[in-house]
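Q: Would you be able to build a 3D model of this:
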Amino acid sequence: MADNTKSKKELKIDTLLADVRSGNSTKAKGAIQSLKVHGDSTVIEPLLRVYTDPKFEDLKGEIHAFLSDIHDETARPEFVRVAEEITELRNDVLNIVWNSKMDFSGYVDSIVALAVEGDFMTTVECLTIIENMQGPFEEMDLIECQMALAKYPEHPSKSEQKDQLISEIALLIQDIERNIEG
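A: Residues are numbered from 1 along each chain as shown. Just a heads-up that it's a prediction; the model follows:
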């Protein structure tokens, strides 16, 4: 029975995503509204792909609002996965994460790593996300942050433009560590 219900849900999501990509703006906007009820974290990547596709420019506001308004904590790992794995979607994902209602403190190490690896705009987005993190933070995550930051001077993405932002991120991580210690 559970498999049958899951299959129905997957079919419903597939149908709604097809409606989003249909080219019919009214149908697409209705499907985005329905995804608020029927969707799950599997819709994040497909919606981001539509969001970044110039032929769906009229849906950008709707999709941005939908993704930024997700409250389901199970969506956090999916946002981070997409940001880490799909470079062409990275800055859009990070912008949505920054605008979201969720706290990504548990992913501070991933966000710092993306800042080190990414271009200037990626680093800007990461800095804003880190500035808005509330904690709590895990000591191991902060150690991972320090390791990523230590690699920055030798990283191919290093630039004068990024140096100041990476310094600000390093200071934020140091402040977080000081607050944990004491």
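Q: low-confidence ranges in the protein?
A: Confidence mapping of the chain against pLDDT under 70 gives the ranges 1-6, 182.
Q: do that again at 80, thanks
A: The model of the chain has pLDDT under 80 over residues 1-7, 101, 181-182.
Q: Give me the neighbour count for T123.
A: 26 (other CB atoms under 10 Å). Quick note: C-beta positions are derived from backbone N, CA and C, even for glycine.
Q: which strands and helices sit next to the helix or strand in which it is found?
A: Assigned by DSSP states H and E, T123 belongs to helix 120-131. The helices and strands touching helix 120-131, judged by 3 or more CB pairs under 8 Å, 6 or more residues apart in numbering; DSSP states H and E, are helix 90-99, helix 108-117, helix 160-181.
Q: With mean neighbour count added, can I get the ones you listed in TSV?
A: Shown next, in TSV, are those (neighbours: other CB atoms under 10 Å):
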stretch	mean neighbour count
helix 90-99	22
helix 108-117	23
helix 160-181	15
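Q: Just tell me which of these ends up closest to A65.
A: With CB to CB, the closest approach to A65 among the helices and strands packed on helix 120-131 belongs to helix 90-99: 9.0 Å.
Q: okay, the angle between the closest one and helix 120-131?
A: Interaxial angle of helix 90-99 relative to helix 120-131 (axes from the mean of the first three to the mean of the last three CA atoms, to 10 degrees): 20 degrees.
Q: packing partners for helix 90-99?
A: Where contact means 3+ CB pairs under 8 Å, 6+ apart, helix 90-99 is packed against helix 44-51, helix 60-68, helix 75-85, helix 108-117, helix 120-131.
Q: how does it look with 6 Å?
A: Other elements packing on helix 90-99 under the criterion 3 or more CB pairs under 6 Å, 6 or more residues apart in numbering; DSSP states H and E are helix 60-68, helix 75-85, helix 120-131.
Q: Next, count neighbours for T26.
A: Residues lying near T26 (other CB under 10 Å) number 9.
Q: so how far is D141 from it?
A: From T26 over to D141 the distance is 44 Å, taken as CB to CB, to the nearest Å.
Q: Neighbours of the closest residue to I63 other than its chain neighbours, how many?
A: Excluding its sequence neighbours, the residue lying closest to I63 (CB to CB, 6 or more residues apart in numbering) is Y51, at 4.4 Å. Y51 has 22 neighbouring residues, counting by other CB under 10 Å.
Q: Using PDB, list the CA coordinates for the host helix or strand of L11.
A: Following DSSP H and E, one finds L11 within helix 2-20. What follows is helix 2-20 as a C-alpha-only set of coordinates in PDB (Å, rounded to 0.1, in the frame of the first residue of the first chain):
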ATOM      1  CA  ALA A   2       2.800   2.400   0.900                       C
ATOM      2  CA  ASP A   3       4.500   1.800  -2.500                       C
ATOM      3  CA  ASN A   4       1.200   2.500  -4.300                       C
ATOM      4  CA  THR A   5       0.800   5.800  -2.400                       C
ATOM      5  CA  LYS A   6       4.400   6.800  -3.100                       C
ATOM      6  CA  SER A   7       3.900   6.000  -6.800                       C
ATOM      7  CA  LYS A   8       0.800   8.100  -7.000                       C
ATOM      8  CA  LYS A   9       2.700  11.000  -5.300                       C
ATOM      9  CA  GLU A  10       5.600  10.600  -7.700                       C
ATOM     10  CA  LEU A  11       3.200  10.600 -10.700                       C
ATOM     11  CA  LYS A  12       1.500  13.700  -9.300                       C
ATOM     12  CA  ILE A  13       4.800  15.500  -8.900                       C
ATOM     13  CA  ASP A  14       5.900  14.400 -12.400                       C
ATOM     14  CA  THR A  15       2.600  15.700 -13.900                       C
ATOM     15  CA  LEU A  16       2.900  19.100 -12.000                       C
ATOM     16  CA  LEU A  17       6.600  19.500 -13.200                       C
ATOM     17  CA  ALA A  18       5.500  18.800 -16.800                       C
ATOM     18  CA  ASP A  19       2.800  21.500 -16.400                       C
ATOM     19  CA  VAL A  20       5.500  23.900 -15.100                       C
END
